[in-house]
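1. Next input, structure requested:
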Amino acid sequence: MSKSKNHITCFEHEVLKAKNDSPFNLSKLEEMQLFYGSKGVPYFSLVNNGIKFCEYVGVLQVGNTVIEVLPKADKSQSEETWKEMLISMLRAVGLFDIHVPSSSSLKLKPNSVLDLYFELFIDEVEYLINKGLIKKYRKVEGNSYSLKGSLQFSKNIHHNLVHNERFYVRYTTLDYEHKLHFIIYKTIVLLFAINTNNALQSRLGALLLFFPLMKDIIVSERIFETITYDRKTLPYKHAIEIARLLLLRYHPDVTKGHNNVLALMFDMNLLWEKFVYTSIRKNNREDLSIKAQPSKYFWKPDTGKRTRLEPDIVITDNKTGKNYLIDTKWKNLNGNNPSPGDLRQMFAYHEYFSAEKTSLVYPGDSMCCSKGIYLDKSDGTVPDGKECSVMTIQVCCDVSGWQQEIYKEILDWIRS
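-> Numbering: from 1, shown residues only. I've put the predicted structure just below:
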């Protein structure tokens, strides 16, 4: 764990204690406790005079203090290495799918994932402004000094009985005031208020000057669900996706007003699953079909919903028609066996997906694939033909090379 002024870096499952002379003081702890609430949050748990992080990684910004939580599968890599690897993994699975020319070589070396998201959003908005903001038609109703559109007689008499120089009309106008710009403007205002990186603040100030002034709106999930893109609005998609992530994960402090919380956290188990899946698909040169999370029903109650089985990855050899199932787990076994629950789960996958063999995939200190077999239920000594291997993938600083090694290791396991 490292601490500097207004910036704390720690690892998943680590405990962060509050101290008066620390960036994470008692005031910040109190705000985190309020954010945790009575129902809790998945990112951390409360401990005596502090918090303990869970399997989620990313950043939490409390007021002007940024808490960066990094993944760690082994003890040999530094904080800076894991920070770069987290960003690279997020890029690999498509969470940084940004198209502007400057995104490949960002101007700023980010202090955290949060800075990177902020800069990507700024790049997107600058791209839109340079390209030219789009206008949309909208209905307007109100008083006007010229007669245009349709005159609303009853309202005109009500509002303008003693103002004959005015007309109460309804008409259509073409301007910049529409939902996409409302969302972008609200995000710019938010970032200008909470950003702690001086290198980005001037660019945010410039956006406030160049972007048209918009009315404030109440943001909810529903607003983003109703957005549809056409040929003209498609360039807005990436900016809106980042805005959605930032606006919906922002929790204002309504009591004090200065310790707002922005939670930009990712489930490391889910990220590892997507990373392995993306690595296989990206490097696949064989006649293999790769599917993520296919499901089958395996239990039905008298009343209520049926229960599904969902392996993380199913690979089908199109030449032989055989299925190979993979379940990813983001934890270091340290030489231990998988948990009985994980092994029972893989046994069920064998049965329901007619698998040739299955494997549990973990990160580790070295490349290793150890074969395991299930025993016959009659006496528990004879193999029953079902194989469940335990595969560890060595963590590599070169993410592209790491993805190639993941594919090679899994292909060797399939062919063995």
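
2. Now residue 406: closest residue in space, sequence neighbours ignored.
-> Leaving aside its sequence neighbours, residue 406 sits nearest to residue 279 (CB to CB, 6 or more residues apart in numbering; 4.2 Å). Heads up, the C-betas are built off the backbone N, CA and C, glycines and all.

3. Name the helix or strand for that neighbour, please.
-> Taking DSSP states H and E as the definition, residue 279 sits inside helix 268-283.

4. mind listing what's buried in that helix?
-> Buried residues in helix 268-283, counted by 16 or more other CB atoms under 10 Å: 268, 271-280, 283.

5. follow-up on the earlier one: quick one: the residue nearest to residue 406 and residue 409 touch, right?
-> No: under the criterion of CB atoms under 8 Å, residue 279 makes no contact with residue 409, lying 9.9 Å away.

6. Could you confirm residue 408 falls within a strand?
-> No: using DSSP: H, G, I helix; E, B strand; the rest coil, the assignment for residue 408 is helix, not a strand.

7. give the contact list for it.
-> For residue 408, the contact set (CB atoms under 8 Å, 6 or more residues apart in numbering) comprises residue 283.

8. can you rerun that using 10 Å?
-> 279, 283, 367 (CB atoms under 10 Å, 6 or more residues apart in numbering).

9. Same check on residue 246?
-> By CB under 10 Å, 6+ apart, residue 246 lies in contact with 114, 117-118, 121, 186-187, 190-191, 194, 219, 262, 264.

10. Let's see which of those end up in helices.
-> Those of the contacts of residue 246 mapping onto helices are 114, 117-118, 121, 186-187, 190-191, 194, per DSSP state H.

11. which of the residues you listed sit farthest apart?
-> Pairwise distances across these peak at 17.9 Å for 114 and 186 (criterion: CB to CB).

12. For these two, indicate the residue with more neighbours.
-> For residue 114 versus residue 186, the count of surrounding residues by other CB atoms under 10 Å is larger for residue 114: 23 against 19.

13. doesn't residue 69 make contact with the more buried one?
-> No: judged on CB atoms under 10 Å, residue 114 makes no contact with residue 69 at a distance of 11.2 Å.

14. and for those two, which residues touch both?
-> Joint contacts of residue 114 and residue 69 (CB under 10 Å, 6+ apart) are 58-60.

15. Just the buried ones from those?
-> 58-60.

16. and of the residues you listed, the nearest to residue 351?
-> residue 58 (36.9 Å).

17. ok, now which ones touch that closest one?
-> 43, 67-71, 86, 90, 112-114, 117, 249, 263-268, 271.

18. which residues are common contacts for residue 279 and residue 409?
-> residue 393.

19. got the CA positions of the lengthiest strand in the chain in CSV?
-> Ordering each strand of the chain by length in residues (DSSP state E) puts strand 383-394 first. Output of strand 383-394 as CSV, limited to C-alpha atoms (Å, rounded to 0.1, in the frame of the first residue of the first chain):
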residue,chain,number,x,y,z
PRO,A,383,-11.7,-43.3,-12.6
ASP,A,384,-15.1,-42.7,-14.2
GLY,A,385,-13.7,-41.1,-17.4
LYS,A,386,-14.5,-37.5,-16.5
GLU,A,387,-11.5,-35.1,-16.5
CYS,A,388,-11.2,-31.8,-14.7
SER,A,389,-7.8,-30.2,-15.0
VAL,A,390,-6.4,-27.4,-13.0
MET,A,391,-4.6,-24.8,-15.1
THR,A,392,-2.6,-21.8,-13.9
ILE,A,393,-1.7,-19.0,-16.2
GLN,A,394,1.5,-17.1,-15.4
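
20. Offset the numbering so it begins at 10, please.
-> Fine by me, first position is 10 from now on; the one you just mentioned is strand 392-403.

21. want to throw the buried ones among the shared contacts of residue 123 and residue 78 into JSON lines with distance to residue 354?
-> Shown next, in JSON lines, are these (distance: CB to CB, whole Å):
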{"residue": "67", "distance to residue 354": "27"}
{"residue": "68", "distance to residue 354": "32"}
{"residue": "69", "distance to residue 354": "32"}
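
22. taking these one by one, which sit in helices?
-> In helices, defined here by DSSP H, there are no members of these.

23. Closest one to residue 212 out of the residues you listed, please.
-> Each of these was scored against residue 212 by CB to CB, and residue 68 proved nearest at 19.4 Å.

24. Run through the residues that contact the closest residue to the closest one other than its chain neighbours.
-> Among residues not flanking residue 68 along the chain, residue 123 sits closest, at 4.2 Å (CB to CB, 6+ apart). Residue 123 sits next to 67-70, 75-77, 203-206, 255, 271, 273 when contact means CB under 10 Å, 6+ apart.

25. Can you lay out the residues you listed as TSV showing distance to residue 389 and pLDDT?
-> Listed next are the contacts of residue 123 as TSV, based on distance: CB to CB, whole Å; pLDDT from 0 to 100:
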residue	distance to residue 389	pLDDT
67	44	89
68	49	88
69	48	88
70	54	87
75	53	86
76	49	89
77	48	90
203	59	87
204	61	88
205	60	83
206	60	84
255	54	90
271	53	87
273	48	86
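
26. What about these, which are in strands?
-> Reading strands off those with DSSP E, I get 67-70, 75-77, 271, 273.

27. Including distance to residue 303, could these go into TSV?
-> Shown next, in TSV, are these (distance: CB to CB, whole Å):
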residue	distance to residue 303
67	28
68	33
69	34
70	38
75	39
76	37
77	35
271	35
273	30
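
28. how about stretch 302-313: buried residues?
-> Result for stretch 302-313 [16+ other CB under 10 Å]: buried residues residue 303.
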